[in-house]
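> predicted coordinates and the sequence they were generated for:
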Amino acid sequence: VTDISCATNTDCAVKNVGNCCGSYLQCANKDFTPDLNATAEWCKANDIESECGWIDIRACVCEGGSCAGVQCDGVDGSCRSDRGTAYNGSEIIPTWPGIAPLDGNNFAVVDDK
């Protein structure tokens, strides 16, 4: 189970939480360590495969005590969380981040300008 608990935006980070395809990025508690081997073993034992890919997470926010990913429209700059909350660029720090791998399970938000 992925720990998505938070009190502030800084409690959240993009993590590779894995799925039955392999990699899967999700906003989770920054201190959470995914067990990718356990996920892979469960998928194999249950003969389950899933579609690959994930949404383009531009930032993580804390909403109602849970981490949520934010996606932004590059055309008009509008941003919405996984839960549908609207954000403008000034509410998301950094404003137009990308994702850079730190290691196999953790990703850093970096400015791609």
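Okay, I see it.

> give the bridge partners for the closest residue to residue 5 other than its chain neighbours, please.
Using Cβ to Cβ, 6 or more residues apart in numbering and skipping the chain neighbours, the partner closest in space to residue 5 is residue 29 (5.4 Å). C-beta: built from backbone N, CA, C; applies to glycine. Counting by DSSP bridges, residue 29 is bridged to residue 12.

> my read: residue 29 touches residue 6, true?
Yes. Here residue 29 reaches residue 6: they are 6.2 Å apart, a contact under Cβ atoms under 8 Å.

> these two - which one has more neighbours?
residue 6 (23 against 19; other Cβ atoms under 10 Å).

> gap between the more buried one and residue 63?
Distance of residue 6 to residue 63, given as Cβ to Cβ, to the nearest Å: 9 Å.

> can you confirm residue 37 is in a helix?
Yes. Secondary structure of residue 37 (DSSP: H, G, I helix; E, B strand; the rest coil): part of a helix.

> what residues are shared contacts of residue 29 and residue 6?
Counting by Cβ atoms under 8 Å, 6 or more residues apart in numbering, the contacts common to residue 29 and residue 6 are 12, 67.

> then the lengthiest strand in the chain to CSV, C-alphas only?
Scanning the chain for the strand with the most residues, using DSSP state E, yields strand 66-72. The C-alpha trace of strand 66-72 is given here as CSV (Å, rounded to 0.1, in the frame of the first residue of the first chain):
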residue,chain,number,x,y,z
SER,A,66,-3.2,13.1,0.8
CYS,A,67,-0.6,13.6,-1.9
ALA,A,68,-2.0,14.3,-5.3
GLY,A,69,-0.3,14.8,-8.7
VAL,A,70,-0.9,17.9,-10.7
GLN,A,71,-1.1,18.0,-14.5
CYS,A,72,-0.8,21.2,-16.5
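
> averaged pLDDT, it. What do you get?
Summarised as a single mean, pLDDT over strand 66-72 is 87.

> helices and strands around it, which ones?
strand 12-16, strand 25-29, strand 59-63, strand 79-81 (3 or more Cβ pairs under 8 Å, 6 or more residues apart in numbering; DSSP states H and E).
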